[in-house]
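Trainee: Sequence first, predicted model second:
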Amino acid sequence: MKCTVCDQRIRRSEAYFGDKDTLYEGKPLCETCYYEDEPCATVIYRKDDTPYIISETRNETEGNFRVRWRSTDPWRGYYETSSDKYSLVNTAELLAYHESEQMLKEFDERTRELFDEHEIEYARVFARSSNVFYQNYDLYAKKDQIFLAGLLVAKAKQEVDYDNPKWYHNIVFDETALIKLIELFPEYKIKSDYDATKLVEELGDNALNELQKRMKEKRGASDG
């Protein structure tokens, strides 16, 4: 028998098998490939500080959560999380050294306080991306508590000024690129990275052609 990852020969009695809901589910693995695979996401439940790892070989959440890779281009992407037992109540982008870092820290602390106070069963999931300075922070609550959890998240957001557009600059687009998009696509009323990203998603494969067309029209207007 061979390890599915590294092709090392292993005895059947010494083989490990990929956990359910992982990329290598049910496939034979050597001990090293099974245990040392890089985490795709880390799950932390309520006040339990123990990190539960989800990798391409292991799922320590006993199936509570799953991940799958989402490609944004041939080289980049991120892991997307999902759950059958919990509902997603908020998702945020954590970017190292970004100005939103302190605000998101306060949001996380305040939300946990409110959830604990109202006995909400929740989990925080931190999922990796291809950018070492960026990861997703997904906040989940048990499905039967989703309504109250949503209200508490809204309260926490209001207290920390979560929705202020200033926190969402320079995450996907730098300031110069954002200003250019605002000028070229005034009808989309772009104010933040989120708005610009939605524009690109809406235009899809036509995004580059539309951008070049508008830049050409702007240059023509300036020359005239």
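Mentor: Ah, there it is.

Trainee: how far away is the spatially most central residue of the chain from residue 154?
Mentor: Note on the chain: the residue nearest the mean C-alpha position is residue 136, at 2.8 Å, using CA atoms, centre = their mean. Distance from residue 136 to residue 154, counting by CB to CB, to the nearest Å: 20 Å. The way it works is simple: take the backbone N, C-alpha and C, and place the C-beta from them, glycine included.

Trainee: before we move on, the earlier item: and the residue nearest to the centre of the chain, what element?
Mentor: strand 134-142 (DSSP states H and E).

Trainee: hmm, back to that, if the residue nearest to the residue nearest to the centre of the chain when sequence neighbours are not counted is in a bridge, with which residues?
Mentor: Among residues not flanking residue 136 along the chain, residue 127 sits closest, at 4.4 Å (CB to CB, 6 or more residues apart in numbering). Assessed by DSSP bridges, residue 127 has beta-bridge partners residue 41, residue 136.

Trainee: The helix or strand of the chain with the lowest mean pLDDT - contacts with which helices or strands?
Mentor: In the chain, the helix or strand scored least confidently by mean pLDDT, DSSP states H and E is helix 193-203, which has a mean of 73. If contacts are counted by 3 or more CB pairs under 8 Å, 6 or more residues apart in numbering; DSSP states H and E, helix 193-203 sits against helix 175-184, helix 207-223.

Trainee: nearest spatial neighbour of residue 134, skipping sequence neighbours?
Mentor: Leaving aside its sequence neighbours, residue 134 is closest to residue 95 (5.2 Å, by CB to CB, 6+ apart).

Trainee: Might one say that that neighbour is in contact with residue 101?
Mentor: Yes. Counting by CB atoms under 8 Å, residue 101 is a contact partner of residue 95 at 7.3 Å.

Trainee: okay, the two: which has more neighbours?
Mentor: residue 95 (17 against 12; other CB atoms under 10 Å).

Trainee: just the helices in the protein please.
Mentor: Per DSSP state H, the chain carries helices over the ranges 31-35, 101-117, 146-160, 175-184, 193-203, 207-223.
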